[in-house]
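> Structure for this input, please:
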Amino acid sequence: MSAEVLPAVPLTPEERRDLVIWAAGFLDGEGCFSIYDHSGPTGGRNMRVVVFQVDVTPLWRLASLWGGSIGQERPRSGRAPCHHWLASGSRARRVCAETVPFLVNKKAVALLCLEFGMLLLSRRDAAAIPRHGGTIPAWNRKRREELYVAIRALNQRGVPRGPEVVVELPDATPDPQLNLFTGEGGERCLKPWSRSND
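Prediction:
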C-alpha cells in the first residue's frame with residue numbers, strides 16, 4: 001500500500017550508538033539486505049534494506065535513525081496487517097556501513113551490499129552518462145554483477161549464516177590499508193562514504 005518517506009531524527013551521539021546497536025540486532029534477525037532490479041542510471045540495480053513486521057513500533061525506531069519509508073502491506077486472509085520499513089540507495093548504504101560492526105548472521109551479505117553500494121555512481125556522475133548505452137566502466141559492471149550473484153546466493157533459504165561464512169569473489173584483492181577491495185586494473189572498487197558520494 002502507501003509508503004511514507006521519513007527524514008532521520010537528530011540524536012545525540014550516545015543515543016545514536018545505542019540505537020544503531022539495537023537496530024543491528026533487530027536487522028540481523030528480521031531484516032533483509034538485498035539488491036533489486038529497477039530502471040535507472042545506476043545500471044539497472046540498486047541496494048535496499050527492508051523489514052516486515054506486524055508491530056510498526058520497531059520500524060519507527062529504524063526510521064528515526066536513517067529515514068526511509070514505512071508502508072502497510074495488504075493483509076492476507078485471516079492475518080493481521082503487516083508493515084514494512086524500506087531504505088534504498090544511499091540510505092541503505094548508510095544502514096550497512098553503521099550496522100556491519102554489530103551484525104553476526106547477516107554480516108557477510110551486508111558487507112557485499114556495502115561494496116555494491118559504493119560501486120554505484122553518484123547522482124552527478126550518473127547524470128553525465130547517457131540513459132541508454134552509457135559508459136559505466138566494464139570492471140564496475142562486472143564487479144556489480146558478481147556481487148549481485150553472491151548476495152542472491154547468500155539470501156537463499158537454507159544457506160549457512162554467521163561469522164564463519166566467508167565469501168570469495170573473483171578479481172578482488174584486499175587492500176590492507178583501507179580494508180577495501182581493488183579491481184582488475186587497480187581501480188578502487190570501494191571508497192569511504194561521504195555526502196559528496198550521493
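> How many neighbouring residues does the nearest residue to residue 11 once chain neighbours are set aside have?
Take residue 11 and drop its neighbours on the chain: the residue closest to it by Cβ to Cβ, 6 or more residues apart in numbering is residue 19, 6.7 Å away. C-beta: built from backbone N, CA, C; applies to glycine. By other Cβ atoms under 10 Å, the residues close to residue 19 number 17.
> Tell me the secondary structure at residue 19.
For residue 19, the assignment made with DSSP: H, G, I helix; E, B strand; the rest coil gives helix.
> Report pLDDT for it.
Residue 19 is assigned 93 on the pLDDT scale.
> Go ahead and confirm it touches residue 60.
No - if you go by Cβ atoms under 8 Å, residue 19 and residue 60 don't touch, sitting 11.5 Å apart.
> for the strand ranked longest in the chain, packing partners?
Looking across the chain with DSSP state E, the single longest strand is strand 45-53. Contacting strand 45-53 under the criterion 3 or more Cβ pairs under 8 Å, 6 or more residues apart in numbering; DSSP states H and E are the following elements: helix 13-30, strand 31-37, helix 57-66, strand 83-88, helix 90-99, helix 107-119.
> now that strand and helix 13-30, what's the angle there?
Per axes from the mean of the first three to the mean of the last three Cα atoms, to 10 degrees, the angle that strand 45-53 makes with helix 13-30 is 90 degrees.
> strand partners of strand 45-53, parallel vs antiparallel please.
If you go by DSSP bridges, strand 45-53 pairs up with strand 31-37 (antiparallel), strand 83-88 (antiparallel).
> Need the CA coordinates for it. PDB is fine.
Output in PDB follows, covering the C-alpha atoms of strand 45-53 (Å, rounded to 0.1, in the frame of the first residue of the first chain):
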ATOM      1  CA  ARG A  45      20.100  -2.500  -9.900                       C
ATOM      2  CA  ASN A  46      20.200  -0.800  -6.600                       C
ATOM      3  CA  MET A  47      20.600  -1.900  -3.000                       C
ATOM      4  CA  ARG A  48      18.000  -2.000  -0.200                       C
ATOM      5  CA  VAL A  49      17.400  -3.000   3.400                       C
ATOM      6  CA  VAL A  50      13.800  -4.000   4.200                       C
ATOM      7  CA  VAL A  51      12.000  -5.300   7.300                       C
ATOM      8  CA  PHE A  52       8.400  -6.700   7.600                       C
ATOM      9  CA  GLN A  53       6.600  -6.500  10.900                       C
END
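> What residues of it count as buried?
Across strand 45-53, burial judged by 16 or more other Cβ atoms under 10 Å covers 45-51, 53.
> what's the closest of those residues to residue 143?
Among the buried residues of strand 45-53, residue 45 lies closest to residue 143 (Cβ to Cβ), at 12.0 Å.
> Dihedrals phi and psi, residue 78?
Main-chain torsions, residue 78, degrees, to the nearest 10: phi 80, psi 10.
> give me the number of residues near it?
5.
> rewinding a little: deepest in the core, which of the strands paired with strand 45-53 is it.
Across those, averaging neighbours per residue (mean count of other Cβ atoms under 10 Å) puts strand 83-88 on top, at a mean of 22.
> thinking again about what came up before, got the angle between the longest strand of the chain and helix 57-66?
Going by the same axes, to 10 degrees, strand 45-53 makes 140 degrees with helix 57-66.
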